[in-house]
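[1] just the structure for this:
(chains A and B)
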2 protein chains.
Amino acid sequence: MSNSVHQDKIYQKLATIRHPEIPAQNLVTLGMIPSISIEQEIVQVTLALPNLEVPVKQEIIRMIHESLSNLSEKYKIEIHPEEMTPEQKSIFFDFAKKARIIHQKSSKIGKVLAVMSGKGGVGKSSVAGLLASSLRRLGLQVGILDADITGPSIPMMFGIDQRPRQSQEGLFPIQSRTGIKLISINLLLPDKDQPVVWRGPMISKAIEQFWADIIWGNLDYLVVDLPPGTADAALTVMQSLPLDGIILVTSPQDLAGMVVRKAANMAKAIGIPLIGLIENMSHTICPHCGEIIDIFGTSKAESTARMIETTLLAHLPLDPQFAEKCDNGTIENHKSDILDRIADKITKSYAAANITS
Amino acid sequence: MSNSVHQDKIYQKLATIRHPEIPAQNLVTLGMIPSISIEQEIVQVTLALPNLEVPVKQEIIRMIHESLSNLSEKYKIEIHPEEMTPEQKSIFFDFAKKARIIHQKSSKIGKVLAVMSGKGGVGKSSVAGLLASSLRRLGLQVGILDADITGPSIPMMFGIDQRPRQSQEGLFPIQSRTGIKLISINLLLPDKDQPVVWRGPMISKAIEQFWADIIWGNLDYLVVDLPPGTADAALTVMQSLPLDGIILVTSPQDLAGMVVRKAANMAKAIGIPLIGLIENMSHTICPHCGEIIDIFGTSKAESTARMIETTLLAHLPLDPQFAEKCDNGTIENHKSDILDRIADKITKSYAAANITS
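    Next up, the predicted model:
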């Protein structure tokens, strides 16, 4: 081979180009690059489009030129747009269907709220579970999408281990005692101790399916419980789901604050509004003498909230009885006045926004 | 285009084939598929090999046939092995160098221990930091590789924020007050609140570089602090690093136990020995009345250890003063008798194994 540029290298480069209108998909996986040929220092790239008049055509051509510009000086790049074959169109629209702009056929979902922290073990799932329970007590239709694929906690907190029912249209979520609709990877595993040893793309795909292929029905609120970190799961939820806002959870430790600030900065970079910050495990009350103990040190929530420019919604205590309820699947029995107040505040602010808009 | 099979589809399929001898790399990224042509129902795949006599040649050919077998019945697959060009060889060996089979040029690393949980916030990083400090007090050369790319805690615990020095051979780790060598993504970021918004493959690459491209020097022990989850970071550490054993960390909650069992099952599936289980935040002592409080409920560590067939190494209390030391960067000042005992036990068991082997 005398070519010093190879097709695989070009495919690799084109695979980094995101489609401007289809989140989380690149030109190669969308089947838009059916062929590349390299002859006499000319790289010919065929660009397949659903139709030749799509408004993004020029932008995509520009992105391909830009991406291949540093390939090698001696090569000329030629891009040949052509209309997709029916088969290519079907692949393309199948991907587009899964993406943000296309909602589920069967479901009508009101507001989508994510509970996030960046840091693990600060009580994201507890907050997600309590918030959903509070919203449900307001008489609303509520769902929880457990986006923690490798460490799912939601089913155990709600005492649920049934397998979701499959229909031709998709999977039905499981209903909790109070009627909250839940989906979690642990409901789909034959054994809940089985690890889900998946690399990022598989995790993203599972989350996208939990959004698109679940028959949620009509929901006023869908609460998304995110895993720790700012990697694939968080990215997919932020890029592929139509999030209305994020609730951040922290603990009094500086360490937690630092990681939560990372999460907040990620949300800001992607452009998702922060609803506010909840400090969990703020303190506990000694069951023996009744005194307050700052188990994780002094609260730093005020300064964390200021640094990330959001509202401090609440300090939640660490309550051993609550931990027990999470373990025995009765989180819904725990009426949290603090979360009730937050749920009330959230619903009222969205209602007000709807009136003014 | 009359072809119903396209090059990009074939590239996608071949990109799922792992090289049998180079962990975490596929045929396409290794540059082994310089070209594919499709003509008259024959798919011709060029397979570039570092030399035509490599022992894995037949296995790779078999894998390609298998991967393309369900492409379409009407296509014939032809594979043409050829020797790589010097440029292709250089890309190929660059990737191979990063993989497990090639160790660092400059470093001699004794035992590699990972601290893992699956669950977030149970104190993996605290245990990793305490264990490294205990090993160091035994007079050993110790390093910590912070594999938590999206939520790194190690630098803050050790009070370190210098930038690692770069030389031609690689990056030098930062030395802590007592001489522990540390590397963490947070030492490389301009601002520690900056999120690392990376998908899995980038995270894996960073961890591989922390292993291969850091000038660790001579270490008796390298402690790897894993993030929560059983996805990319855990997989890369288990597959690409020569781990000698895993210490699992849990908390008294059932929820944590369930996720820790997932982690244990992953380690078993990959064949990494479990050293034992540490239950963290077992209880706390009220600073007002001195009574013991089971903040996360009753301990379930005995039964968890039995279920995953490993030793219960210790119950660690939750100590607000310790949390403060982690926050102000003086974890090394915290002498933990429990971790000292565990460090002693670990070093003695490896010494005994060396004598018998």
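[2] in what helix or strand does A:Met11 lie?
    Careful, residue A:11 is Tyr and not Met. According to DSSP states H and E, A:Tyr11 maps onto helix A:7-14.
[3] is A:Ile160 in contact with A:Ile174, as I believe?
    Yes: here A:Ile160 lies in contact with A:Ile174, judged by C-beta atoms under 8 Å, at a distance of 5.3 Å. For glycine as for every other residue, the C-beta is placed from the backbone atoms N, C-alpha and C.
[4] okay, and the common contacts of these two?
    Common contacts of A:Ile160 and A:Ile174 (C-beta atoms under 8 Å, 6 or more residues apart in numbering or on different chains): A:182, A:187.
[5] is A:Val249 part of a helix or strand, or is it coil?
    strand (DSSP: H, G, I helix; E, B strand; the rest coil).
[6] likewise A:Pro242?
    When classified by three-state DSSP, A:Pro242 comes out as coil.
[7] confidence score at it?
    Looking at A:Pro242, its pLDDT is 83.
[8] please apply the same query to A:Gly170.
    Per-residue confidence at A:Gly170 stands at 84 (pLDDT).
[9] A:His315 too?
    In this model, A:His315 is scored at 95, pLDDT.
[10] could you do A:Pro201 as well?
    Per-residue confidence at A:Pro201 stands at 85 (pLDDT).
[11] related to what we said a few turns ago, is chain B within reach of the helix holding A:Tyr11?
    Yes: contact of helix A:7-14 with chain B (C-beta under 8 Å from any C-beta of the partner chain) involves A:7-9, A:11-12.
[12] if you rank these by neighbours, which is first?
    Counting neighbours by other C-beta atoms under 10 Å in any protein chain shown, A:Asp8 leads the residues of helix A:7-14 next to chain B with 26 neighbours.
[13] show me what contacts that residue?
    With contacts defined as C-beta under 8 Å, 6+ apart, A:Asp8 is in contact with B:11, B:28, B:31, B:33-35.
[14] so which of those residues reach chain A?
    Within the contacts of A:Asp8, those near chain A by C-beta under 8 Å from any C-beta are B:11, B:28, B:31, B:33-35.
[15] what about burial for those residues, which qualify?
    Among these, the ones that count as buried by 16 or more other C-beta atoms under 10 Å in any protein chain shown are B:11, B:28, B:31, B:33-35.
[16] can you list which of those residues are found in helices?
    Among these, the subset assigned to helices under DSSP state H consists of B:Tyr11.
[17] in strands only, show me the buried ones among the ones next to chain A among the contacts of A:Asp8.
    Under the assignment DSSP state E, those contribute B:Ser35 to strands.
[18] would you list the buried ones among the ones next to chain A among the contacts of A:Asp8 in JSON lines and tack on distance to A:Ile183?
    Converted to JSON lines, these look like this (distance: C-beta to C-beta, whole Å):
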{"residue": "B:Tyr11", "distance to A:Ile183": "33"}
{"residue": "B:Val28", "distance to A:Ile183": "34"}
{"residue": "B:Gly31", "distance to A:Ile183": "41"}
{"residue": "B:Ile33", "distance to A:Ile183": "38"}
{"residue": "B:Pro34", "distance to A:Ile183": "44"}
{"residue": "B:Ser35", "distance to A:Ile183": "44"}
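[19] which one of the buried ones among the ones next to chain A among the contacts of A:Asp8 is nearest to B:Lys124?
    B:Val28 (34.7 Å; C-beta to C-beta).
[20] my read: that closest one touches B:His19, true?
    No: the criterion here is C-beta under 8 Å, and B:Val28 misses it with B:His19 at 10.4 Å.
[21] contacting residues around A:Glu41?
    Applying C-beta under 8 Å, 6+ apart to A:Glu41 gives the contacts A:74-76.
[22] cool, A:Leu243 as well?
    Listed by C-beta under 8 Å, 6+ apart, the contact partners of A:Leu243 are A:112-114, A:224, A:237, A:272.
[23] show me the residues you listed that map onto helices.
    A:Val237.
[24] narrow the contacts of A:Leu243 to those in strands?
    Per DSSP E, these map to strands at A:112-114, A:224.
[25] so where's chain A shaky on pLDDT?
    Applying pLDDT under 70 to chain A flags the ranges A:1-4, A:23-24, A:94, A:96-106, A:354-357.
[26] only the buried residues of the biggest helix by length in it, if you could.
    The single longest helix within chain A, with elements called by DSSP H, is helix A:337-356. By neighbour count on 16+ other C-beta under 10 Å, the buried set for helix A:337-356 is A:339-340, A:342-343, A:346-347, A:350.
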